[in-house]
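J.: Quick one, what's the 3D model for this:
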Amino acid sequence: MTFFYQVIDDTPHSSTAGHKIQRYVIIGLACAAAIVTLFVYQNMDSKVQQPIQNTSNITNPEQTIQTTQSSYTPQEPSTQSTINITLVEQDIHKIVNQTRLANGAQPINYDPKLADIARAHSQDMAIHQFLSHNSYEGTQSLSYRYMLAGYHCPAPADSYEYPRSNENIAVVTAQGNESQIARHIVNTWLDSVADNYNILDNEYQVEGIGVALTASKMAVYATEDFC
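T.: Next up, the predicted model:
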């Protein structure tokens, strides 16, 4: 038996045309790549050639904050242009008697000479800005200041007790009007157990109030002397 073999050629007859198309594609891709490369290079070159920005006038936010803080000046508390010391003293005495009446104690009388002693001590404290029942030098106690002024406390009526003396002192910020300052001073005394007791003590017959301002007029010193 004779067999016949037929060899089938699967190779496309247009192989030559296919190779040409492939070459054209490769050439086209190469051209596209060249164009992209040229475009990127031009952009990079333009960025490099841009002039350097002058940063000497650029404001640093932190530097601005520091400058503002360094030029800040603390403001003084708002005060009246003039504080009438006499009105403050009178208001303190009035508030003290209102407090005494509200707590079952009798009103206390006002003694101008005792007020002079109290005012002199307040002036001493305001000048040297200290708070003490003794003078700035430490040599004049309350009893010594009474004696130096020739003041003698009256003896209690219908009593054999020895005359007593006492004193309240305070310093407050000079804010508000005279009545507000006086209220602040009295409230400072009422917050103290010892000073509160002095204000409500019926044994005392008279008191004197002395007030003084510091040179800056930012603080008020007050003295309340009892007999």
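
J.: Check whether residue 168 really touches residue 197, as I assumed.
T.: No: in this structure residue 168 lies outside contact range of residue 197 using CB atoms under 8 Å: 10.0 Å. (C-beta placed from N, C-alpha, C; glycine too.)

J.: Pick out whichever of those two has more residues nearby.
T.: residue 168 (27 against 12; other CB atoms under 10 Å).

J.: and that one, what are its phi and psi?
T.: phi -110, psi 140 (degrees, to the nearest 10).

J.: wait, what's in contact with it?
T.: Neighbouring residues of residue 168 by CB atoms under 8 Å, 6 or more residues apart in numbering: 189, 192, 195, 198, 199, 222, 223, 224, 226.

J.: From residue 182, how far out is it?
T.: From residue 168 across to residue 182, the span is 13 Å (CB to CB, to the nearest Å).

J.: go on, residue 201?
T.: 20 Å.

J.: what ranges do the helices span in the protein?
T.: 15-49, 61-70, 85-102, 112-128, 142-148, 178-190, 193-200 (DSSP state H).

J.: so where is this structure shaky, pLDDT-wise?
T.: 1-81, 155-163 (pLDDT under 70).

J.: again, only using 90
T.: When residues are selected by pLDDT under 90, those of the chain lie in 1-82, 137-139, 152-164.

J.: Next, the contact list for the residue lying closest to residue 172 once chain neighbours are set aside, please.
T.: What sits nearest to residue 172 in space, not counting adjacent residues and going by CB to CB, 6 or more residues apart in numbering, is residue 184, at 4.7 Å. Shown in contact with residue 184 (CB under 8 Å, 6+ apart): 172, 173, 175, 176.

J.: Got a PyMOL select line for the buried ones in those?
T.: To isolate the buried members of those in PyMOL, using 16 or more other CB atoms under 10 Å:
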select buried, resi 172+176
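
J.: Where strands are concerned, which of the contacts of residue 184 count?
T.: When those are checked against strands (DSSP state E), the matches are 172, 173.

J.: Of the contacts of residue 184, which is the nearest to residue 126?
T.: The closest of the contacts of residue 184 to residue 126 turns out to be residue 172 (CB to CB; 11.8 Å).

J.: Could you list everything that closest one pairs with in the sheet?
T.: residue 220 (DSSP bridges).

J.: thought residue 129 was touching residue 216?
T.: No: judged on CB under 8 Å, residue 129 makes no contact with residue 216 at a distance of 9.5 Å.

J.: Compare those two (neighbour count), which wins?
T.: Neighbours per residue (other CB under 10 Å) separate residue 129 from residue 216, with residue 129 holding more: 13 against 10.

J.: list the contacts for that one?
T.: For residue 129, the contact set (CB under 8 Å, 6+ apart) comprises 214, 219.

J.: Could you check how far it is from residue 214?
T.: Taking CB to CB, one finds residue 129 at 6 Å from residue 214.

J.: can you check residue 98 too?
T.: 28 Å.

J.: ok, these two, which is more surrounded?
T.: residue 214 (16 against 12).
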